[in-house]
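Undergrad: sequence below, structure please.
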Amino acid sequence: MDGCESASELSKKISVGDALDWIKTSWKKIGQEVITKCFVSCGIRSREVKRQLDLFDESTAEDQLAKLSKLAGIKSKYNLNALSHDSAIGLIRKALELGVAVAEVYVDTVGPPEKYQAKLAALFPDIKITVAKKADSLYPIVSAASICAKVARDNAVKSWQFSEGEQFQDVEYGSGYPNDPVTKKFLANNIDPVFGFPQFVRFSWSTAEKILESSAAKIEWEEVEDEDSPKKTSQNLLKFMNPSASKKKNGPKSHYFFTQRNLYQTVEL
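TA: Presented below is the predicted three-dimensional model:
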């Protein structure tokens, strides 16, 4: 691959699939050179690429892979779209903090492109923001970034160190994609009936959810009503309008602490 070739000339010689395969097999030996050539092929000078590589930090990849499962399970859901938006915003801010003169940003959308672009434009009014569907097929710079992100993801998966114990260290888990039979086998054979999977697995992933539903212990969570919920408001309104009827129907309620422990008031032993 000649780094001096234009993106249009390069695209005639090599397909995206070929580029991905080449980068995946060459990464360990010539990692930075591969990334450099990806960006050079899009018209960026190699000296500038080296500067940008300082922003490319794989050391936090494992933390990021585990982050989504943790955030998806909390009460206030933090989904893939929100994580993607915040990550893009964080990358732009980091580049600006390091003194990079960011003039234009091209982003492959997650969610409605118009809303996403307006969000970024409001945060970074001095930068020309372009958000589009399938941006990796429209803008060469996004194609290069997509390849780099995929290679980084695959490397993070391959070198994952399980914090749950040594029993996982020699286990084959495949590529981590839903169509990989090795990954499916890993999920089926490494599920805890109570705690589910290691943090390596995204619990909200539909493939993982189905296995949890069929193989994990059934747990019922008591719904604690929100003070501002419509149901709560309507009940309070009924009590206000007819307090005597409400008292007769419902009666006094024990505190949650006592009902959980099956403790009740009594006047006789």
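Undergrad: contacts, neighbours, all on C-alpha from now
TA: Noted.
Undergrad: my guess is residue 102 contacts residue 127. True?
TA: Yes. Counting by CA atoms under 8 Å, residue 102 touches residue 127, with 6.8 Å between them.
Undergrad: low-confidence regions, the stretch 151-269 of the chain specifically.
TA: For the stretch 151-269 of the chain, the stretches flagged by pLDDT under 70 are 169, 221-253, 256, 269.
Undergrad: mind redoing it with 50?
TA: 228, 233-234, 237, 246 (pLDDT under 50).
Undergrad: show me where it has its helices.
TA: 181-189, 206-215, 230-241, 243-250, 256-260 (DSSP state H, counting those that start in this stretch).
Undergrad: that older thread, more crowded one of residue 102 and residue 127?
TA: residue 127 (16 against 13; other CA atoms under 10 Å).
Undergrad: and the more buried one, how close does it get to residue 180?
TA: With the distance defined as CA to CA, to the nearest Å, residue 127 ends up 41 Å from residue 180.
Undergrad: where do the strands sit along this protein?
TA: For the chain, the strands defined by DSSP state E cover 104-108, 128-132.
Undergrad: elements contacting the last one?
TA: Right, strand 128-132. strand 104-108, helix 113-123 (3 or more CA pairs under 8 Å, 6 or more residues apart in numbering; DSSP states H and E).
Undergrad: in a markdown table: the ones you listed, plus mean neighbour count.
TA: Below are the helices and strands packed on strand 128-132 laid out as a markdown table (neighbours: other CA atoms under 10 Å):
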| stretch | mean neighbour count |
| --- | --- |
| strand 104-108 | 17 |
| helix 113-123 | 15 |
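Undergrad: now mean pLDDT too, for the ones you listed, in JSON lines please.
TA: Conversion of those to JSON lines gives the following (pLDDT from 0 to 100):
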{"stretch": "strand 104-108", "mean pLDDT": "95"}
{"stretch": "helix 113-123", "mean pLDDT": "95"}
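Undergrad: which of those sits closest to residue 134?
TA: strand 104-108 (6.0 Å; CA to CA).
Undergrad: only alpha carbons, please: show that closest one as CSV.
TA: Taking C-alpha atoms only, strand 104-108 is exported to CSV below (Å, rounded to 0.1, in the frame of the first residue of the first chain):
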residue,chain,number,x,y,z
GLU,A,104,-14.0,20.0,11.4
VAL,A,105,-15.5,16.8,12.9
TYR,A,106,-17.2,14.0,11.0
VAL,A,107,-19.3,11.5,13.0
ASP,A,108,-21.2,8.4,12.1
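Undergrad: which helices and strands does that strand pack with?
TA: If you count contacts as 3+ CA pairs under 8 Å, 6+ apart, strand 104-108 packs onto strand 128-132, helix 135-138, helix 140-158.
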